[in-house]
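> Model the following, please.
(2 chains)
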Amino acid sequence: MTTTGAIDALTVAKATVPGAGAPKTDARVVRRRLGPGRRIRFAFWVGPILLLAVWAIGSKVGVINPAVLTAPWDVAQAFQDQWVNHDLGGDIAASLERAGLGLAFGVVGGTLLAVTSGLSRIGESLIDGPIQIKRSVPTLALIPLFVAWFGIGQEMKIVTIALISMIPVYVNTHNGLRSIDGKYAELAETIGIGRGEFIRHVVLPGALPGFLLGMRFAVTSALLGLVVVEQYNATSGIGHMMTLAEEYGETDVLVVGLVLYGVFGFLADTAVRLTERRALSWRRTIEG
Amino acid sequence: MATDDRGLIRNTADAPAVRVRNLHRSFSENGGVLDGLDLDIAPGEFVALIGRSGTGKSTLLRALAGLDRDVAGYGQIRVPDAVSVVFQDSRLLPWKRVLDNVVFGLRAGDAAERGGQALAEVGLAGRERAWPDELSGGEQQRASLARSLVREPALLLADEPFGALDALTRIRMHALLRKLCEVHRPSVLLVTHDVDEAIVLADRVILLDAGVVRTDVRVELPHRSQADPGFAELRAFLLDQLGVNDLTAEVTA
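Coordinates of the predicted model:
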């Protein structure tokens, strides 16, 4: 039987290939896998932990000058000091609130605009042009104008973060929506469903991969916006803490701020990627 | 009974189930794809539509399905209210599980139950929770048949539904489709390139040429198999009508 024969050949191949002197009974070439291969457990954490290790070892052996980059344990010390004596917890909460509110407005706005402009020609002609123009103007360059419009309070900060995170959500959702196969629209027509159901069951799930990609850009953009707006007259927040540290020349506190921004960004990105894996489990891609 | 500006009349009352009169459709100013086509399909009748590429088979099917908004033309079409379409690709939404695809758009309370029955009928019992990508090509097409049948169509339009399947799967699908049609008795219009498929499945074979019905034959074979002497005769006749002459037959044989 052919099947048994094939299995025999495989076992033989396994048995003989490692032994260099053994006769080669299996003459075929076993192909190299071109995709990324099997998933590694805790793969997300490998890179960051390695980075931390390099930092720690570099500081320990003295390759990294503490005046340039504070050692991890001194940063931990500074973190504790800030937490106990300077209300770091309140600063983190204030920063997260800003970033979260701005991101929420940006994501909702970007999605609504993308769906409107993706599904109707009128919507497209009204929305798509201004968004593309807005894209080419860096949001951060608009901050002076926003300061004139909204003052230097919380409002200006949230508007800036919302605008900066809206763009990637819009662009990627719109793109995902437009690349939904027209055949599905045709199917929906023959089944005789309405526009609402079409949007809910075909458009939104079809645009989801694009939306989630946009989300990944949006969370990091929101943090970028956060860093910049917190330089403007903030009385609380991580940026406020860093501005003070800059004035007093406290490098260790500066690094605390940087690490916090990094951790937020990494956690937010991880959250989106995990959501992606769950929500897009129907996809069979190279990702596996 | 309602008539729209394209002459599409929807009516479920008495025979025939499908009535097409003087149908014209064209994609450009000068070349008409359908050029005054007349066609009747009786309730429960299985009609296969063959013809060379570009003779308007799909155009006719899409006109009956109401999917030709952007095509210029006029003429009268009457089709039942309940029309289902089976496409060459299964068109299962990849982000919905198989059962959700089958009952997609159904509003009845017992939709899930009926969907499960339909899946069992096409031999996919137990695959309700599978993703479409996990099914083979043949299984996907069976799921798409289940999606069509669960809507209890009076008219089933199939546009080369087995064209992308391998030969063995296709034979199984023929048997399945015949069985399903005997149970549900919809009128069927099947567009196909395959003369053998047309003879095996249909009560009537219609050959389209230059936008009109050129040949219209009943298939009256006691056994629908190639062993039937009438099969080869009918096959030769249809191939001849399609312009596949003996010489080419000899070369390919």
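
> Could you list the contact residues of the stretch 51-200 of chain A toward chain B?
Within the stretch 51-200 of chain A, the positions near chain B by CB under 8 Å from any CB of the partner chain are A:Lys183, A:Tyr184, A:Glu186, A:Leu187, A:Ala188, A:Glu189, A:Thr190, A:Ile191, A:Gly192, A:Ile193, A:Glu197. C-beta coordinates here come from the backbone N, C-alpha and C atoms, glycine included.

> Go ahead and build a PyMOL selection from the buried members of those residues.
Per 16 or more other CB atoms under 10 Å in any protein chain shown, the buried members of those correspond to this PyMOL selection:
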select buried, chain A and resi 184+186+187+188+190+191+193+197
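
> which stretches of the stretch 1-150 of chain A form strands?
Using DSSP state E, counting those that start in this stretch, the stretch 1-150 of chain A contains no strands.

> Report the closest residue of it relative to chain B.
Shortest the stretch 1-150 of chain A-to-chain B distance, computed as CB to the nearest CB: residue-wise this is A:Arg121, at 14.3 Å.

> neighbours around that residue, how many?
8 (other CB atoms under 10 Å in any protein chain shown).

> show me what contacts it?
The contact partners of A:Arg121, by CB atoms under 8 Å, 6 or more residues apart in numbering or on different chains, come to none.

> Tell me which residues of the biggest helix by length in chain B come out buried.
When chain B is parsed with DSSP state H, its longest helix is helix B:167-184. Across helix B:167-184, burial judged by 16+ other CB under 10 Å covers B:Thr169, B:Arg170, B:Met173, B:His174, B:Leu176, B:Leu177, B:Leu180, B:Cys181, B:His184.

> Closest to B:Tyr74 out of those?
For these, the residue nearest B:Tyr74 by CB to CB is B:Cys181; the value is 31.8 Å.

> if I look at the closest one, how far off is chain A?
19 Å (CB to the nearest CB, to the nearest Å).

> can you pull the contacts of that residue?
Here B:Cys181 is in contact with B:Phe46, B:Leu156, B:Val188 (CB under 8 Å, 6+ apart).

> and with 7 Å instead?
Neighbouring residues of B:Cys181 by CB atoms under 7 Å, 6 or more residues apart in numbering or on different chains: B:Phe46, B:Val188.

> how about low-confidence regions in chain A?
Within chain A, the segments meeting pLDDT under 70 span A:1-24, A:284-288.

> host element of B:Arg78?
For B:Arg78, the host element (DSSP states H and E) is strand B:72-79.

> Distance from the chain centre to that strand, please.
Here the centre of strand B:72-79 is set off from its chain's centre by 18 Å, with CA atoms, centre = their mean, to the nearest Å.

> Can you name every helix or strand that the helix or strand that comes right after that strand contacts?
Tracing the chain past strand B:72-79, the next element assigned as helix or strand by DSSP H and E is strand B:83-86. For strand B:83-86, the packing partners by 3 or more CB pairs under 7 Å, 6 or more residues apart in numbering or on different chains; DSSP states H and E come out as helix B:137-149, strand B:155-159.

> Next, the angle from the first one to helix B:167-184.
So that's helix B:137-149. Computed by axes from the mean of the first three to the mean of the last three CA atoms, to 10 degrees, the angle separating helix B:137-149 from helix B:167-184 equals 20 degrees.

> likewise the last one?
In terms of direction (the same axes, to 10 degrees), strand B:155-159 departs from helix B:167-184 by 170 degrees.

> mind saving the C-alpha coords of strand B:155-159 as PDB?
The C-alpha trace of strand B:155-159 is given here as PDB (Å, rounded to 0.1, in the frame of the first residue of the first chain):
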ATOM      1  CA  LEU B 155     -36.700  29.700  -8.400                       C
ATOM      2  CA  LEU B 156     -33.100  28.600  -8.000                       C
ATOM      3  CA  LEU B 157     -30.500  30.300 -10.200                       C
ATOM      4  CA  ALA B 158     -27.100  28.700 -10.400                       C
ATOM      5  CA  ASP B 159     -24.200  30.200 -12.300                       C
END
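
> so where do the helices sit in chain B?
Using DSSP H, the helices of chain B run over residues B:57-65, B:98-102, B:111-121, B:137-149, B:167-184, B:195-201, B:229-241, B:246-252.

> out of the ones you listed, which comes closest to A:Met242?
helix B:98-102 (50.2 Å).

> Quick check: mean pLDDT of that closest one?
What helix B:98-102 shows for mean pLDDT is 94.

> and if you look at stretch B:193-200?
90.

> Contacts made by it with the rest, please.
By CB under 7 Å, 6+ apart, stretch B:193-200 touches B:48, B:50, B:160, B:162-163, B:174, B:192, B:205, B:219, B:224, B:231, B:234-235, B:238-239.

> again with stretch B:95-106
A:191-193, A:197, A:201, A:205, A:282, B:92-93, B:111-112, B:115-116, B:118-119, B:124, B:127-132, B:135, B:143, B:146-147, B:150.

> All set, thanks.
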